[in-house]
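**Student:** return a 3D structure for these sequence lines:
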Amino acid sequence: MIGLMTLLERVLLNPPLTAWFISILIKSTLISAISVIVIRLFRKYSPVTRSHIHTITFLALLGLPLFTFLMPSWHLPLMDKIAASVALSPTLNGAPGLESPDAISAGHNFSDYLLTLLIAVWSAGALLMSLRLLLGLILMKGISSRAKETLDIELKGLIDFWRDRLGVHRKVKLAFSSEVTSPELHGYWHHKIIFPAYAESWPQKNLEMALIHEMAHIKRADLLRCLLGSATVAMYWINPLVWICRRKMINDSEMVCDDFVLETGNDPFVYAEILLGVARQVGRRRFVFPVTVNMSQKPELEVRLMSLMNNHRRRLAMSIPALAAGIFLAIAFVLPLSGMNLLAGETDPQPSPTAPVQKESENIPDPNSFIKVDTPVEMIFEEVPEYPEDAKKNKIEGTVWVKALVDTAGVVKDVRIMKSSGHDLLDKAAMKAAYGCKYKPAMNDNKPVMIWVSYNVSFTLQPESKK
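**Tutor:** Got it, this is the predicted structure:
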């Protein structure tokens, strides 16, 4: 178990990657929380407006990792104080930043294991959710290909009529299948509406209402919205707020399509009976595709039925000013948030365009010089040296005295051996680990300064390893 966790640490637990994971998690939680609050405030608005807000949210979440790399980096002074309050500072023989030999042999401390485990579980979960999404696409393709296309001339005439009426320009096919228990829409480019086999006995009016509902999904590109929401859930599956947003988006999309049915003059009570009848059949299904839209899903069905009976609600009314304000606020909030450095180890802040650019080589202090500082340098991430296997086999021990150059961003830029252990293997291992350490830079007159840090690294075999 220790060996597996050590391997995971070496792959996952390095400053840039760890900071990126935690930063994305914090930012995505903030975005999804704001979305849930906004949707709650807009609960009296038309579901059309809310569904667009959901779409904006998922686009922002999917684009967050890309925006983080593209946007100029910046940070709040408060983040420096937070980082300092949680800085790591283990010692060895009075030298800052190094654990004892026992700690080296046992691995990182508990917090390191916990952080490594969190990142590993998140990554594994995202992979499994992505595979589930891919499986849903494959199964949807299979059901669509096996579905029996209708030859009924009247039904084909209804399809053409409602295509023209709703402004659907792509060709739409209608089929029946015993593999589905609810009317579903399949196909992102070539649309196929699939009705359950039992729907063949429905009256034509019921078939027409169900057809209008699915046609509305095509008009609104709800299948793509569903895929967008499922992909976001796969990436941020560990965040329960994202699951809530997706469920709300699906429910609002269904309510909008319900409104399309009622706006064409259909009786809400008859349509409600259809939804209830289909919902009873959906209960028999064990697996719900994360890539399709179903006409009647049990979660929040009661809300849809109440909405159908509410004659005072404005249907299909979209608040253009509210939507425009939502898009503007999303851009104004998400883009700056993407570039904000929340944790040490993220991309270093870029220099101001108006500031003179100086080469670091011009400001590198002499390793033997004394530099006055108000606040000493602090280690906030330690890369534990790996004991070379050849050194273990040959029972080689020793102590390496290292001097590391820490720049104004807390990154190690140069490492030198002050006193060799007498073994090249140990010297190289100590230098390699030194480059992986991350520091809170030293401060002088409220400005970060470049400084050399000296410490020793002891490689000591445990008693059982010496036998």
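
**Student:** which residues touch the host helix or strand of residue 392?
**Tutor:** According to DSSP states H and E, residue 392 maps onto helix 389-393. For helix 389-393, the surrounding residues in contact (C-beta atoms under 8 Å, 6 or more residues apart in numbering) are 396, 397, 423, 425, 426, 429, 459, 461, 465. C-betas here are computed from N, CA, C, even on glycine.

**Student:** neighbours of residue 273, just the number please.
**Tutor:** Neighbour count for residue 273, taken as other C-beta atoms under 10 Å: 12.

**Student:** centre-most residue in this structure?
**Tutor:** With distances taken as C-alpha atoms, centre = their mean, the chain has residue 236 as the residue nearest its mean C-alpha position (3.7 Å).

**Student:** so for it, what's the pLDDT?
**Tutor:** At residue 236, the pLDDT value in this model is 93.

**Student:** is it true that it touches residue 32?
**Tutor:** Yes: counting by C-beta atoms under 8 Å, residue 236 touches residue 32, with 7.5 Å between them.

**Student:** so what sits against both of the two?
**Tutor:** Common neighbours of residue 236 and residue 32 (criterion: C-beta under 8 Å, 6+ apart): 61, 242.

**Student:** mind giving me the PyMOL command for buried ones among the contacts of helix 389-393?
**Tutor:** To isolate the buried ones among the contacts of helix 389-393 in PyMOL, judged by 16 or more other C-beta atoms under 10 Å, type:
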select buried, resi 396+397+423+425+426+429+459+461
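
**Student:** what's the closest of the contacts of helix 389-393 to residue 140?
**Tutor:** The closest of these to residue 140 turns out to be residue 429 (C-beta to C-beta; 52.3 Å).

**Student:** was I right about residue 264 contacting residue 213?
**Tutor:** No: using C-beta under 8 Å, residue 264 makes no contact with residue 213, being 10.3 Å away.

**Student:** after the longest helix anywhere in the chain comes which helix or strand?
**Tutor:** Looking across the chain with DSSP state H, the single longest helix is helix 110-146. The first helix or strand that comes after helix 110-146 along the chain, using DSSP H and E, is strand 148-149.

**Student:** mind listing what the residue nearest to the centre of the chain touches?
**Tutor:** 28, 32, 61, 242.

**Student:** mind running it again at 10 Å?
**Tutor:** Contact analysis of residue 236 by C-beta atoms under 10 Å, 6 or more residues apart in numbering lists 24-25, 28-29, 31-32, 58, 61-62, 64, 122, 125-126, 129, 242-243, 245.

**Student:** again with residue 142
**Tutor:** Residue 142 touches residue 179, counting by C-beta under 10 Å, 6+ apart.

**Student:** I'd like the mean pLDDT over stretch 124-137, please.
**Tutor:** Averaging pLDDT along stretch 124-137 gives 91.

**Student:** cool, stretch 394-413 as well?
**Tutor:** Here the average pLDDT along stretch 394-413 is 90.

**Student:** flag every buried residue along it.
**Tutor:** Those would be 396-408, 410-412, for stretch 394-413 by 16+ other C-beta under 10 Å.

**Student:** farthest-apart pair in the residues you listed, please.
**Tutor:** Most distant of those, by C-beta to C-beta, are 396 and 408, 37.1 Å apart.

**Student:** low-confidence ranges, the stretch 351-467 of the chain, go.
**Tutor:** Applying pLDDT under 70 to the stretch 351-467 of the chain picks out residues 351-363, 464-467.

**Student:** please enumerate the helices of it.
**Tutor:** Along the stretch 351-467 of the chain, counting by DSSP state H, counting those that start in this stretch, helices occupy 360-363, 389-393, 424-436, 463-466.

**Student:** deepest-packed of these, please.
**Tutor:** Across the helices of the stretch 351-467 of the chain, the average number of neighbours (mean count of other C-beta atoms under 10 Å) peaks for helix 424-436, which reaches a mean of 18.

**Student:** so which elements touch it?
**Tutor:** helix 389-393, strand 398-406, strand 412-419, strand 451-459 (3 or more C-beta pairs under 10 Å, 6 or more residues apart in numbering; DSSP states H and E).

**Student:** tell me which of residue 264 and residue 213 has more neighbours.
**Tutor:** Shown here are residue 264 and residue 213; by other C-beta under 10 Å, residue 213 has more neighbours (25 against 14).

**Student:** just after the one helix or strand that one maps to, pick out the following helix or strand.
**Tutor:** Assigned by DSSP H and E, residue 213 belongs to helix 204-220. Sequence order places helix 222-235 as the next helix or strand after helix 204-220, per DSSP H and E.

**Student:** in that next one, what's buried?
**Tutor:** For helix 222-235, burial by neighbour count (16+ other C-beta under 10 Å) applies to 222-223, 225-235.

**Student:** what helices and strands are in contact with that helix?
**Tutor:** Using 3+ C-beta pairs under 10 Å, 6+ apart, helix 222-235 is in contact with helix 15-41, helix 47-70, helix 110-146, strand 184-186, helix 204-220, helix 240-263, strand 293-294.

**Student:** which residues sit in contact with the closest residue to residue 257 other than its chain neighbours?
**Tutor:** What sits nearest to residue 257 in space, not counting adjacent residues and going by C-beta to C-beta, 6 or more residues apart in numbering, is residue 216, at 3.9 Å. By C-beta under 10 Å, 6+ apart, the contact list for residue 216 reads 162, 166, 168, 185, 222, 253-254, 256-261, 263-264, 316.

**Student:** give me the angle between the helix holding residue 213 and helix 240-263.
**Tutor:** Counting by axes from the mean of the first three to the mean of the last three C-alpha atoms, to 10 degrees, helix 204-220 points 130 degrees away from the direction of helix 240-263.

**Student:** hmm, back to that, any chance of the helices and strands packed on helix 222-235 in JSON lines with distance to residue 371 as columns?
**Tutor:** Formatted as JSON lines, these follow (distance: least, C-beta to C-beta, whole Å):
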{"stretch": "helix 15-41", "distance to residue 371": "24"}
{"stretch": "helix 47-70", "distance to residue 371": "34"}
{"stretch": "helix 110-146", "distance to residue 371": "31"}
{"stretch": "strand 184-186", "distance to residue 371": "68"}
{"stretch": "helix 204-220", "distance to residue 371": "64"}
{"stretch": "helix 240-263", "distance to residue 371": "47"}
{"stretch": "strand 293-294", "distance to residue 371": "64"}
